[in-house]
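K.L.:
Generate a structure from the sequence data that follows.
(one chain, ligands or ions: 1)
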Amino acid sequence: MNGTAEDFWDSFYRGRAQVWSGRPNQSLVREAGRLVPGSALDLGCGEGADAIWLAQQGWTVTAIDISAVALARAAAHAGELGVAGLISWQQHDLADWTPAASYDLLSAQFLHSPVEFAREAVLRTAAGAVAPGGTLLVVGHASFPPWSRHPAPALPRPAELAAPLGLAADLWQLEAVESPGREATGPDGQRAVLTDSVLAARRLSGRGSRTRKPGRDGCCSGARQRHPSRPGCPGGPVPVRRCPGPPAA
Ligand SMILES: C[S@@+](CC[C@H](N)C(=O)[O-])C[C@H]1O[C@@H](n2cnc3c(N)ncnc32)[C@H](O)[C@@H]1O
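P.N.:
Now for the predicted structure:
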């Protein structure tokens, strides 16, 4: 474990009784809300709002962070909300970590650090843990919050991330490459519109892919409905309708 990074983040979390809002990240809700729940990995889970939300939607979650202080808060909150049994909280330095399993959803939300951190290498390793048909969701800052006291790290645009993460076009389908704006409130109540960077990619498999839930109109962007990481998943592949393309301009 990297003592410097661990000390930095523990001290960061000790500085306030609660650092983050307690609400799940909007891009996670939007992207994961379209998926059939299965197994999820949350990298840099912080105080656990995303992992808890995923568990509430029916996902089985492994949530990793370097800070024991953040993880203790997250675990306590999950217990209060009755989802402790669905989440495994694990303390790791992602710089030294290699995944031991594969997951239907791998989510990295604002995995930035002012302490030396090989973010792209960590995300590239993590991408290897996405099950065939599963989704990789990487959300970060496209512009740094004006209230941040830390020096802004390099902030690649979402389209610039696909190559360094090794998302080869024949193995991955890019599902969202976006820079949405979002209203946010800083730690002292400051308001700002921040721009995020969202990359969602589905790992293709030869036998069809994990699916998205049917949309309100009954359409689904996935090709099949199944749980690729669950051995013996009942139901097997179920063809679903493809959405028609957008109207011609
Ligand atoms: C900006 S916070 C985001 C927290 C959470 N994902 C969210 O969106 O609220 C970054 C998180 O990454 C964690 N982190 C930073 N470096 C890490 C490392 N090397 N290994 C594991 N976690 C790390 C920090 O402890 C912190 O909780």
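
K.L.:
For the chain, just list every one of the helices.
P.N.:
3-14, 26-32, 49-56, 68-80, 119-127, 158-161 (DSSP state H).

K.L.:
wait, which of those is closest to the ligand?
P.N.:
The ligand lies closest to helix 3-14 among the helices of the chain, at 3.6 Å (C-beta to the nearest ligand atom). Using the backbone N, CA and C atoms, a C-beta is placed for each residue, glycine as well.

K.L.:
other SSEs contacting the closest one?
P.N.:
helix 68-80 (3 or more C-beta pairs under 8 Å, 6 or more residues apart in numbering; DSSP states H and E).

K.L.:
out of the helices of the chain, nearest to Leu199?
P.N.:
helix 158-161 (4.3 Å; C-beta to C-beta).

K.L.:
Figure out how far that closest one is from the centre of its chain.
P.N.:
In terms of C-alpha atoms, centre = their mean, to the nearest Å, the centre of helix 158-161 is set 16 Å apart from its chain centre.

K.L.:
Report the buried residues of that helix.
P.N.:
158, 161 (16 or more other C-beta atoms under 10 Å).

K.L.:
What residues does the most centrally placed residue in the chain make contact with?
P.N.:
A centroid search over the chain (C-alpha atoms, centre = their mean) returns Ser107, at 1.6 Å, as the residue closest to the centre. By C-beta atoms under 8 Å, 6 or more residues apart in numbering, the contact set of Ser107 is 28, 32, 40-43, 50, 54, 137, 139.

K.L.:
In CSV: those, plus pLDDT, distance to the ligand and neighbour count.
P.N.:
Below are the contacts of Ser107 laid out as CSV (pLDDT from 0 to 100; distance: C-beta to the nearest ligand atom, whole Å; neighbours: other C-beta atoms under 10 Å):
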residue, pLDDT, distance to the ligand, neighbour count
Leu28, 98, 8, 22
Ala32, 97, 13, 23
Ala40, 98, 13, 28
Leu41, 98, 12, 28
Asp42, 98, 7, 31
Leu43, 98, 7, 23
Asp50, 98, 6, 28
Leu54, 98, 12, 29
Leu137, 98, 11, 25
Val139, 97, 8, 26
